[in-house]
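Q: For reference, the sequence and a predicted model appear below.
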Amino acid sequence: MHRMTIAPADTETAAAAKAAVAADQRRSQLLRGVLDLCLLALIAERPRYGFEIAASLAENGLELVSEGSIYPLLARLQKSGLIDAYRASSPAGGAPRKYYRLTDAGRAALAAGRTTWRGFAAAVDRTLSDGQPGETDDTHDTNR
């Protein structure tokens, strides 16, 4: 009976693929908590339609977000009064598109969300810094 051995290169390739999948899963989990803020921020720049929002997210490095995950969130944001929608003809012709724009409540929610995000991201950055050069934390300075 032949025993099949796995070459080290195959093992490394499999490990790299597994790590990439794990990284995508982590990014997806992190994104779930802030996707609403990302949508509000993009819509705050100008009214946008769904496909344009997905393309803008991808351009900003958030390519994991599909149109299929955007539309239910847009509906929830609209139902909660943070955005409203209107139909307008496409600049390229064709069927009218549904554009989304912020309401006053949406602008307020975005401002509050940005403040919360900045504080949270700073706390995570401090925690993850692991004392790398250029990443100092004065709270542990023993020379005070």
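A: Structure received.

Q: so how far is residue 105 from residue 36?
A: 13 Å (CB to CB, to the nearest Å). (Glycine included, C-beta is placed from N, CA and C.)

Q: more crowded one of these two?
A: residue 36 (18 against 12; other CB atoms under 10 Å).

Q: from memory the more buried one sits against residue 75, does it?
A: No - using CB atoms under 8 Å, residue 36 is not in contact with residue 75, being 11.8 Å away.

Q: Report the secondary structure element holding the residue nearest the centre of the chain.
A: Geometric centre of the chain, nearest residue: residue 31, 4.1 Å, by CA atoms, centre = their mean. Using DSSP states H and E, residue 31 sits in helix 8-32.

Q: Off-centre distance for that helix?
A: 18 Å (CA atoms, centre = their mean, to the nearest Å).

Q: Residues contacting whatever helix or strand comes next after that helix, please?
A: Using DSSP H and E, the helix or strand that follows helix 8-32 in sequence is helix 35-45. By CB atoms under 8 Å, 6 or more residues apart in numbering, the list of residues contacting helix 35-45 from outside reads 31, 48, 53, 56-57, 60, 62, 65, 69-70, 73-74, 76-77, 82-83, 100-102, 106-107, 109-110, 113-114, 117.

Q: in helix 35-45, what's buried?
A: For helix 35-45, burial by neighbour count (16 or more other CB atoms under 10 Å) applies to 35, 36, 37, 38, 39, 40, 41, 42, 43, 44.

Q: gap between the third one and residue 46?
A: To tie it back to what came earlier, the one meant is residue 37. Residue 37 is 17 Å from residue 46, by CB to CB.

Q: tilt between the lowest-mean-pLDDT helix or strand in the chain and helix 35-45?
A: Ranking every helix and strand in the chain by mean pLDDT, DSSP states H and E puts helix 8-32 at the bottom, with a mean of 77. Orientation check (axes from the mean of the first three to the mean of the last three CA atoms, to 10 degrees): helix 8-32 against helix 35-45 gives 70 degrees.

Q: Other residues contacting helix 8-32?
A: Helix 8-32 has contacts (CB under 8 Å, 6+ apart) with 38, 62, 64, 65.
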